[in-house]
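**Student:** what follows is a predicted protein model with its sequence.
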Amino acid sequence: MNSDQYPHLRRLRRSATLRDMLNENRLSASEFIYPLFVVNGSGVRTPIEPMPGIDQMSVDIAVEETLRAAESGVKSVLLFGIPNDKDSTGSGAASPDEAVQRAVAAIKKASPETYVITDVCLCEYTDHGHCGIVAGNDVDNDATLPLLAQAAVSHAQAGADMVAPSAMMDGQVAAIRAGLNEADFSDIPVMGYSAKYASAFYGPFRIAADSAPQFGDRRAYQMAPSQGREAMREVEADLEEGADIIMVKPALAYLDVIKEASMRFDTPLAAYNVSGEYSMIAAAGQAGWIDRERAMMEVLTSIKRAGADLIITYSAIEASKFIARG
Ligand code: PBG
């Protein structure tokens, strides 16, 4: 075989400088969104066992954590709240005195440049752990919508920059958009958890947020892993309802869905690198079975390569530090 009979792709891989020059997908700290779990009380930092390095934090500590994130270049946080008391309608979700609402205000005060996004859902606030109002064995879609809108408005009143509904109720983006507009928050964007799957990879999050359903599961509202085209319909629905940013969640087992959404739609696309994806790498890293940092960067790069503009990740600070080291 003569060497001019085949393409010489290795020519461009021979030096670190050239590899760097030709990098197609460079991650930057500004595309990461860092999730925080806030609880009531003060001085509280409770480690989340399956997510080494991630803690439940009271508002004061969440403020410190946000400053640490900002220092590493992370510009945005996504807040989840864990209330003291839960009830059947998740009334804590819209309470101005709850941890999330107080955290939003405290973070915006301490770090005005930080872009604060809130997760809008009822599952952390309901005693049954479902994402909406339960009627019989079902979640009542339309009865849930006003409660989600009220929660979103309470976040905006506290100073949130963006709200992100994750309950997978039909019409949730439209209901929240209308609620925000009525309350004079027409400038606050909505990031829809558009294609959210019923995933085993949320396991550690449900421990972190104390939000596991007490009966049944979420398959009557979240999507089945087999569904690719249906995901496009979910995205279209969110766009019709006025979503400013769309999302695919989880990320790793759904890179094809991210890719497809990024090619079909010109709206900015977020991907959620979920708790179970974090835990797997953390656990294998701790066991010495995998190089944790390299695996983390490889996964984040794959999500970007698939077409995500924003990546929600528990690794945001670590990855930003890794990038800054060069
Ligand atoms: C709330 C919500 C969940 C996650 C984000 N928002 C859990 C769920 O739907 O059960 C999961 C995030 C993660 O696993 O990191 N509805």
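**Tutor:** Now that the structure is in, tell me what you want to look at.
**Student:** ok, residue 280 - how many residues close by?
**Tutor:** Residues near residue 280, counting by other CB atoms under 10 Å, number 17. For glycine as for every other residue, the C-beta is placed from the backbone atoms N, C-alpha and C.
**Student:** got the contact list for the closest residue to the ligand within the stretch 1-150 of the chain?
**Tutor:** In the stretch 1-150 of the chain, the residue that lies nearest the ligand is residue 121 (3.9 Å; CB to the nearest ligand atom). Residues near residue 121 by CB atoms under 8 Å, 6 or more residues apart in numbering: 93, 131, 148, 151, 165, 166, 167.
**Student:** one more pass at 10 Å, please.
**Tutor:** 80-81, 90, 93, 130-132, 144, 148, 151, 164-169, 172, 193, 209, 211 (CB atoms under 10 Å, 6 or more residues apart in numbering).
**Student:** how much space between the nearest residue to residue 32 once chain neighbours are set aside and residue 201?
**Tutor:** For residue 32, ignoring the flanking residues on the chain, the nearest one in space by CB to CB, 6 or more residues apart in numbering is residue 316 at 3.9 Å. As judged by CB to CB, to the nearest Å, residue 316 and residue 201 stand 18 Å apart.
**Student:** out of the contacts of residue 121, which touch the ligand?
**Tutor:** 131, 166 (CB under 6 Å from any ligand atom).
**Student:** first-to-last residue distance for stretch 205-212?
**Tutor:** One end of stretch 205-212 to the other measures 9 Å (CA to CA, to the nearest Å).
**Student:** now do the helices in the stretch 151-300 of the chain.
**Tutor:** 172-182, 203-208, 229-240, 255-264, 275-286, 292-306 (DSSP state H, counting those that start in this stretch).
**Student:** what's the least confident stretch among the ones you listed?
**Tutor:** For the helices of the stretch 151-300 of the chain, mean pLDDT drops lowest on helix 203-208, to a mean of 93.
**Student:** tell me what it is packed against?
**Tutor:** strand 32-39, strand 76-82, helix 275-286 (3 or more CB pairs under 10 Å, 6 or more residues apart in numbering; DSSP states H and E).
**Student:** which parts of the stretch 151-300 of the chain sit against the ligand?
**Tutor:** 166, 202, 205, 206, 218, 274, 275.
**Student:** not counting sequence-adjacent ones, nearest residue to the fifth one?
**Tutor:** Read that as residue 218. Closest to residue 218 by CB to CB, 6+ apart is residue 198, at 5.1 Å.
**Student:** could you do the first one as well?
**Tutor:** Spatially, and ignoring its direct neighbours in sequence, residue 166 is nearest to residue 193 (4.1 Å; CB to CB, 6+ apart).
**Student:** show me the contacts for that neighbour.
**Tutor:** 119-121, 164-168, 172-173, 222, 234, 238, 243, 246-249, 270, 272, 312.
**Student:** what's the burial count for the residue nearest to residue 32?
**Tutor:** Residues near residue 316, counting by other CB under 10 Å: 26.
**Student:** I figured it hits residue 53, correct?
**Tutor:** No: the criterion here is CB atoms under 10 Å, and residue 316 misses it with residue 53 at 11.1 Å.
**Student:** quick check: closest non-adjacent residue to residue 84.
**Tutor:** Spatial nearest neighbour of residue 84, chain neighbours left out: residue 40 (5.3 Å); criterion: CB to CB, 6+ apart.
**Student:** equivalent analysis for residue 212, please.
**Tutor:** For residue 212, the spatially nearest residue (CB to CB, 6+ apart) is residue 206, at 4.2 Å.
**Student:** residue contacts, the one you found?
**Tutor:** 50, 123, 124, 129, 212, 213, 275, 276.
**Student:** mind putting those residues into CSV with neighbour count?
**Tutor:** Converted to CSV, the contacts of residue 206 look like this (neighbours: other CB atoms under 10 Å):
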residue, neighbour count
50, 19
123, 24
124, 25
129, 22
212, 14
213, 16
275, 25
276, 21
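**Student:** could you measure from residue 298 over to residue 267?
**Tutor:** Residue 298 is 27 Å from residue 267, by CB to CB.
**Student:** low-confidence regions, the stretch 101-250 of the chain specifically.
**Tutor:** For the stretch 101-250 of the chain, no stretch is flagged by pLDDT under 70.
**Student:** distance of the residue in it that the ligand sits nearest to relative to residue 156?
**Tutor:** Here the residue of the stretch 101-250 of the chain nearest the ligand is residue 205; by CB to the nearest ligand atom that distance is 3.1 Å. Plainly put, residue 205 is 24 Å away from residue 156 if you go by CB to CB.
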